[in-house]
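Chemist: Could you work out the structure for the sequence below:
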Amino acid sequence: MRVNKPAPARWFAAALLPLLAACGPTDPGEALRALGEDQDGLITFYNEADGTGNCSFMATPQDLDVAAMNIGQYQDSAVCGSCVQIDGPKGSLRVRIVDSCPDCSTKGHLDLSPSAFAKLADPVQGRVSVKWRMVTCDVQGPIRYRFKDGSSQWWTGIQVLNHRVPVTKLEYWKNNAWVAVKRESYNYFVEPGGVGAGALKVRVTAMDGQTLEDTLPAPTPNNTSVIDGAAQFKAD
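Modeler: Presented below is the predicted three-dimensional model:
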């Protein structure tokens, strides 16, 4: 019965992801295609869940309905910030995906915070079979952005936050064309050569094809504050 995995599994997860991801699905949209469709799953829990994890989010002690996605469906952070509705023995619960679980090798496996697990099943069980589905997140306000610490015109990392629908792409406007930015396994879109000087026009695409455009201030190394966008993705 596994109810708590060793802490090193979390500390070294980022180093293991490129190797372990090769064992999972090759299509980065596989987990996202399950939106609204039930799939068989398994839930466990880990004691160090605090809302952060490999998705590089801030800790959310006020909201610990969170989960780590199995490594195959984590898909190099494609599911970060998305929401999952789980049906367990005690009822139904919506959780946010904030982490990957490198030692969860089974498709459908979700590793929850202890409090989230307890809302779905008796913790003494440790491992419980469930049904779950990807759903829209019940967020308030517009989408938000955060520059990674150390960002500048020469190296830029951007994180998209507070999105109702999973995000699949971020682009920026350069030389009269949109340039796609690679998403890293720690949930930042990173442009190694930087985005240049001045204000930054970006476009974010959701898994259902919706797009939002915003203008962000020029990235600076010490500015990691959260920036509000102009709008939010529409729910189905």
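Chemist: Mind exporting the C-alpha coordinates of the top strand by length along the chain to CSV?
Modeler: Scanning the chain for the strand with the most residues, using DSSP state E, yields strand 91-101. Output of strand 91-101 as CSV, limited to C-alpha atoms (Å, rounded to 0.1, in the frame of the first residue of the first chain):
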residue,chain,number,x,y,z
GLY,A,91,-18.4,11.4,-3.9
SER,A,92,-17.0,13.7,-6.6
LEU,A,93,-14.2,16.3,-6.4
ARG,A,94,-12.5,18.7,-8.8
VAL,A,95,-8.7,19.0,-8.5
ARG,A,96,-6.0,21.0,-10.2
ILE,A,97,-3.0,19.4,-11.8
VAL,A,98,0.1,20.9,-10.3
ASP,A,99,2.7,18.2,-10.5
SER,A,100,4.0,15.1,-12.3
CYS,A,101,4.4,11.7,-10.6
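Chemist: Pull out the buried positions in that strand.
Modeler: 93, 95, 96, 97, 98, 99, 100, 101 (16 or more other CB atoms under 10 Å). Using the backbone N, CA and C atoms, a C-beta is placed for each residue, glycine as well.
Chemist: and it, which strands flank it?
Modeler: strand 66-70 (parallel), strand 83-88 (antiparallel) (DSSP bridges).
Chemist: sec struct for residue 140, please.
Modeler: Under DSSP: H, G, I helix; E, B strand; the rest coil, the three-state class of residue 140 is coil.
Chemist: Count residues in the vicinity of it, would you?
Modeler: Neighbours of residue 140 under the rule other CB atoms under 10 Å: 7.
Chemist: Quick check: can you list the domain ranges of this structure?
Modeler: According to automatic domain parsing, the chain comprises the domains 8-135, 144-228.
Chemist: Nearest to residue 234, out of those?
Modeler: Closest to residue 234 of those, according to CB to CB: domain 144-228, at 6.5 Å.
Chemist: tell me the centre residue of the protein?
Modeler: Geometric centre of the chain, nearest residue: residue 80, 0.7 Å, by CA atoms, centre = their mean.
Chemist: Relative to residue 159, how far out is that residue?
Modeler: Noted for residue 80: a distance of 9 Å to residue 159, by CB to CB, to the nearest Å.
Chemist: Now for the two: what residues contact both?
Modeler: Common contacts of residue 80 and residue 159 (CB atoms under 8 Å, 6 or more residues apart in numbering): residue 187.
Chemist: Just to check, residue 165 is in contact with residue 205?
Modeler: No: counting by CB atoms under 8 Å, residue 165 stays clear of residue 205, with 9.8 Å between them.
Chemist: give me the low-pLDDT residue ranges for the protein?
Modeler: Residues of the chain meeting the criterion pLDDT under 70: 1-35.
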